[in-house]
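Chemist: My questions concern the predicted model and sequence given below.
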Amino acid sequence: MKALLESQVYWRLIALAQAVPEVEQGILFDWISGALNGPLSTAQLEKLTVETLQSQAPAELAGFSNARWQVLLECLQGELPVHLDPKPAVAEADALRVAFSSNDGLHVNGHFGNCHLFFIYQVTGNGSQLIDIRHFVADESLEDNETRARLLHSCHLLFCEAIGGPAAARIIRHGIHPVKIKKDNRISTQLDALQELMQGQLPPWLAKALGRKDDLGKRFNDELSELE
């Protein structure tokens with residue numbers, strides 16, 4: 001599983017599937033396999049042209065504009081959308097690192113206890129950036145949720161669809177704050193909310209996690225002023 005998830009071919013096909021939701025994934029795979037002159041590989045995908053794709057395209061793609069065909073070709077040639085294309089983290093003070101349990105990179109749709117993919121974002125008051133996609137791999141020497149908790153060791157927050165009490169307690173011990181939200185809530189929505197939060201006065205627990213003591217002191221002083 002880990003080798004598959006780390007494969008560039010896998011992520012290119014995922015990007016393609018998201019770009020053409022009209023086509024079932026089985027049909028999509030058969031279409032791309034048939035368009036290649038060899039085994040499914042990055043080298044073969046990069047030889048494809050729009051004309052080659054169009055010549056064997058499923059009926060669902062009839063009427064696509066040239067611009068949309070170009071997007072499909074770019075997915076197959078490795079130009080992934082931003083939610084599937086991690087970039088190196090930029091050193092920034094007070095940057096928040098957030099993990100999302102997700103199977104598509106678009107929605108929070110993973111139960112912590114059986115999730116295999118975690119999308120890691122760096123968030124500041126100026127924006128957010130995908131910096132890593134981490135893959136759960138079972139370790140026989142550890143309980144599975146301990147392995148997942150260690151996988152997220154550098155994160156401050158975890159957004160997931162569901163998490164059991166013992167698992168939540170475990171990741172809290174690792175310094176990670178769990179947040180349960182409704183299924184299929186968009187990751188982008190949560191990122192926008194977090195960015196707005198980072199622009200203002202942080203909740204005490206988050207200020208502490210980021211080492212922003214000034215936020216705590218300011219909040220305390222503001223509360224004292226209100227009492228005077």
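Modeler: Perfect, I can see it now.
Chemist: quick one: Ala99 from Leu152, how far?
Modeler: Ala99 sits 5 Å away from Leu152, going by CB to CB, to the nearest Å. Glycine gets a C-beta too; all of them are placed from N, C-alpha and C.
Chemist: out of these two, which sits in the busier spot?
Modeler: Neighbours were counted for Ala99 and for Leu152 using other CB atoms under 10 Å; Ala99 has more, 27 against 23.
Chemist: list the contacts for that one?
Modeler: 118-120, 134, 152, 155, 157-159, 176 (CB atoms under 8 Å, 6 or more residues apart in numbering).
Chemist: can I assume it sits in a strand?
Modeler: Yes: when classified by DSSP: H, G, I helix; E, B strand; the rest coil, Ala99 is found to be part of a strand.
Chemist: And the next helix or strand past whichever strand or helix holds Ala167?
Modeler: Assigned by DSSP states H and E, Ala167 falls within helix 165-173. For helix 165-173, the following helix or strand on the C-terminal side (DSSP H and E) is strand 177-180.
Chemist: which one is the residue nearest in space to the middle of the chain nearest to, not counting chain neighbours?
Modeler: Geometric centre of the chain, nearest residue: Phe119, 2.9 Å, by CA atoms, centre = their mean. Leaving aside its sequence neighbours, Phe119 sits nearest to Phe100 (CB to CB, 6 or more residues apart in numbering; 4.7 Å).
Chemist: what's the one you found in contact with, if anything?
Modeler: Contact analysis of Phe100 by CB under 8 Å, 6+ apart lists 108, 110, 118-121, 158-160, 187, 190.
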